[in-house]
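Participant: Sequence first, predicted model second:
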Amino acid sequence: MKQQAVNKTPSQLMQEKYKTARYNLLLMLILTVVNIVLFFTGSETMFLFSASIPYYSICVGWMLGALSLLVIGAVVLIAFLICWLLSKKHYGWMIAALVLFVLDTLGTVYLYSGNLTEGIFDLAIHVWVLVYLVLGVINGYKLAHAPQEPIEAYPVEPTAEQLMYADPNVYAQPTAAVPTAPAAVDPAPTEPAPADAPATLNGEEIE
């Protein structure tokens, strides 16, 4: 595992940390909805990895018949969902999710202000989510402002269709020059002797 982490580029490591932040945001949203469903089914089970404001707004609003609280809880849930969906495109929505969850954490502290030890686990989970959201914002910012890494170009083999319809000179393989033998040089022609010239033998004139 360490060897794989070493081989990853800084951009890949930042992308993984950003994806982890989005995963924690989605998990928190899902468990919040699950807690609300469990409340309506009469179950006493409750997951801690969830948002407090939408949960208590909807639950208390339902018990008291307060429409305003129901609307607040639904709006916060929808806002978290929008932040998660759009954070894939831009880290600015991760900042919005962080702001919302900071407000939710402050609301949780207020709920347990009378007895913080009772909500110690809930607060610890909120801090956990906050840490990952902060890391998501930091790495999202770095990814958005990081210089693009050079892309290595690799030769691409032409397909059979390209070879069939393309200009044959485009994909023609260069052939090595074949050395040629030097052209034969004809010996210098000799001039025939004049007809009236005397015959000679070993340099002596023959009569």
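Facilitator: Arrived safely.
Participant: Could you double-check that residue 14 lies in contact with residue 137?
Facilitator: No - under the criterion of C-beta atoms under 8 Å, residue 14 makes no contact with residue 137, lying 11.7 Å away. In short, each C-beta sits where N, CA and C put it, glycine included.
Participant: residue ranges for the helices of the chain, please.
Facilitator: 2-7, 10-40, 52-64, 67-86, 92-111, 120-145, 160-165 (DSSP state H).
Participant: Take the ones you listed and write them to CSV, including distance to residue 46, mean neighbour count and mean pLDDT.
Facilitator: CSV is the format used below for those (distance: least, C-beta to C-beta, whole Å; neighbours: other C-beta atoms under 10 Å; pLDDT from 0 to 100):
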stretch, distance to residue 46, mean neighbour count, mean pLDDT
helix 2-7, 36, 7, 55
helix 10-40, 5, 17, 95
helix 52-64, 8, 19, 95
helix 67-86, 15, 16, 96
helix 92-111, 13, 18, 95
helix 120-145, 9, 17, 94
helix 160-165, 61, 9, 58
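Participant: And for residue 46, the neighbour number?
Facilitator: If you count neighbours by other C-beta atoms under 10 Å, residue 46 ends up with 14.
Participant: Need phi/psi at it.
Facilitator: Phi and psi for residue 46, reported as degrees, to the nearest 10, are phi -150, psi 130.
Participant: Quick one: residues contacting the residue lying closest to it once chain neighbours are set aside.
Facilitator: Spatial nearest neighbour of residue 46, excluding adjacent residues (C-beta to C-beta, 6 or more residues apart in numbering): residue 35 at 5.3 Å. Residues in contact with residue 35 (C-beta atoms under 8 Å, 6 or more residues apart in numbering) are 46, 47, 50, 55.
Participant: and the third one, how many neighbours does it have?
Facilitator: Other residues near residue 50 number 23, with proximity taken as other C-beta under 10 Å.
Participant: residues in contact with the spatially closest residue to it that is not a sequence neighbour?
Facilitator: Excluding its sequence neighbours, the residue lying closest to residue 50 (C-beta to C-beta, 6+ apart) is residue 32, at 4.0 Å. Neighbour list for residue 32: 50, 51, 54, 55, 77, 80 [criterion: C-beta under 8 Å, 6+ apart].
Participant: Need the pLDDT of residue 47.
Facilitator: For residue 47, the pLDDT comes out at 89.
Participant: Residue 31 versus that one, what's the distance?
Facilitator: 4 Å (C-beta to C-beta, to the nearest Å).
Participant: try residue 79
Facilitator: Distance from residue 79 to residue 31, by C-beta to C-beta: 17 Å.
Participant: What of residue 63?
Facilitator: Plainly put, residue 63 is 21 Å away from residue 31 if you go by C-beta to C-beta.
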